[in-house]
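>>> just to be clear, the model below is a prediction. Sequence and coordinates:
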Amino acid sequence: MHILFLFLDGIGLGDDDPETNPFAAADLPTLHNLTNGKRWLRDIGRQESERAIFIPTDPRMGIAGRPQSGSNQAAMLTGKNIPQMIGKHYGPKPNEDIRKILDEDNFFITVKEHGKKAAMLDAYPPRLLHDIQRGKTLPSSNQYAAIASGQELFTIDDLRQRKAITAEYTGEAWHKHLKLTDTPIYTEQEAGHLLVELSRQYDFAFHSFWMTDFVGHRGTLEEGIELLKLFDGVMIGVLEAWDDDEGLIIVSSDHGNMEKIGDRRHTENDVPTLIIGNEKDAFAEGFSQSKDFVPRMSKLLFG
């Protein structure tokens, strides 16, 4: 049994407003098919389909204010109510208190302590890795958790060798924006196949797609729609390659943001959690908050 966790940064369940919410405007046949034809909006409710269970998930966890990436990513990867422990929602990057908690305990560490394999699948460009290594850029809580477990973040060489995949899946952005034109490019469907192929090398494989949060803060409705169409296309390949007997695919987020284009602030909305695989019912039982992932992932992997 293994887990493929597809993390989408900054997506919540918002209003049915196609002028501000990409989820209300985009045609997403793959995702909608998993939720009985329903759009990922505020009133979607819990949905159960042949391959998936969809659960609106509380990222607030009893703490007032707008959920933030630093504390909520840490909650998702520790099973602890991090905002409650530090007294507030905090982000975007983890502060010292959060880093100490991640150093002591996070799911990447736990998996390896059980003699199993875990990895963040994202490859990062040379300049970003250089800035992280010399302390110019602080890792996100997701990245920090992987690093705390002893992982060296994947590089451009890993990408070339098909040991990793870019954050935006296809690799086109590395060519277009970073001018790293000697790296592979995949179709959306091929990228989905590769995610599953890579996940089979690990007991816990985690991929972080951060562009949704970036567009939520600074982008346009059209850019948000294109990102969702991209992910919908990737999921075609994921669902083709995945055998529901082999474990679980989990899709979720840390907080709302992109569902309200133009605001630029995080929302207090619930976030989506999509669970795919034959163990989905057991995982979904009692699941409701961002801190609920780790206990259920532990039960699946460790018994």
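The structure has been received and is ready for your questions. Numbers count the residues shown, from 1 in each chain.

>>> for Ala119, give me phi and psi.
The phi/psi pair for Ala119 (degrees, to the nearest 10) reads phi -160, psi 150.

>>> which pLDDT value goes with it?
At Ala119, the model reports a pLDDT of 98.

>>> ditto for Ile98
Ile98 is given a pLDDT of 98.

>>> and the closest residue in space to it that isn't next to it in sequence, what does it touch?
What sits nearest to Ile98 in space, not counting adjacent residues and going by CB to CB, 6 or more residues apart in numbering, is Ala74, at 5.0 Å. Every residue, glycine included, has its C-beta placed from N, CA and C. Contact partners of Ala74, counting by CB atoms under 8 Å, 6 or more residues apart in numbering, are Lys80, Ile82, Pro94, Ile98, Ile101, Leu102, Asn106, Ser141, Ala145.

>>> can you redo those residues as a markdown table with distance to Leu300, neighbour count and secondary structure?
Output for those, formatted as a markdown table (distance: CB to CB, whole Å; neighbours: other CB atoms under 10 Å; DSSP: H, G, I helix; E, B strand; the rest coil):
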| residue | distance to Leu300 | neighbour count | secondary structure |
| --- | --- | --- | --- |
| Lys80 | 19 | 17 | coil |
| Ile82 | 22 | 30 | helix |
| Pro94 | 26 | 28 | coil |
| Ile98 | 25 | 24 | helix |
| Ile101 | 23 | 23 | helix |
| Leu102 | 22 | 26 | helix |
| Asn106 | 17 | 26 | coil |
| Ser141 | 22 | 32 | helix |
| Ala145 | 18 | 29 | helix |
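
>>> between the residues you listed, which is nearest Gly219?
Of all the contacts of Ala74, Gly219 sits closest to Ser141, with 22.4 Å by CB to CB.

>>> skip the chain neighbours and tell me the closest residue to that closest one.
Gln73 (3.7 Å).

>>> for Ile275, see how far away that neighbour is.
To Ile275, Gln73 is 19 Å away according to CB to CB, to the nearest Å.

>>> what about the two, which has more around it?
Gln73 (31 against 24; other CB atoms under 10 Å).

>>> wait, is that one part of a helix?
Yes - per DSSP: H, G, I helix; E, B strand; the rest coil, Gln73 lies within a helix segment.

>>> checking the residue nearest to Gly62 when sequence neighbours are not counted next. Helix, strand or coil?
The shortest distance from Gly62 to any non-neighbouring residue, by CB to CB, 6+ apart, is to Gln84 (6.5 Å). Under three-state DSSP, the three-state class of Gln84 is helix.

>>> again with Ile249
Assignment for Ile249 (three-state DSSP): strand.

>>> contact partners for it?
Neighbouring residues of Ile249 by CB under 8 Å, 6+ apart: Ile3, Leu4, Phe5, Leu6, Val238, Trp242, Leu274, Ile275, Ile276, Gly277.

>>> doesn't the third one belong to a helix?
It refers to Phe5. No - counting by three-state DSSP, one finds Phe5 to be strand, located in no helix.

>>> just to revisit the earlier point, show me the two of the contacts of Ala74 that sit farthest apart.
Pairwise over the contacts of Ala74, using CB to CB, the maximum falls at Lys80 and Pro94, 13.0 Å.

>>> where do the strands sit along the stretch 201-303 of the chain?
204-209, 247-252, 271-276 (DSSP state E, counting those that start in this stretch).
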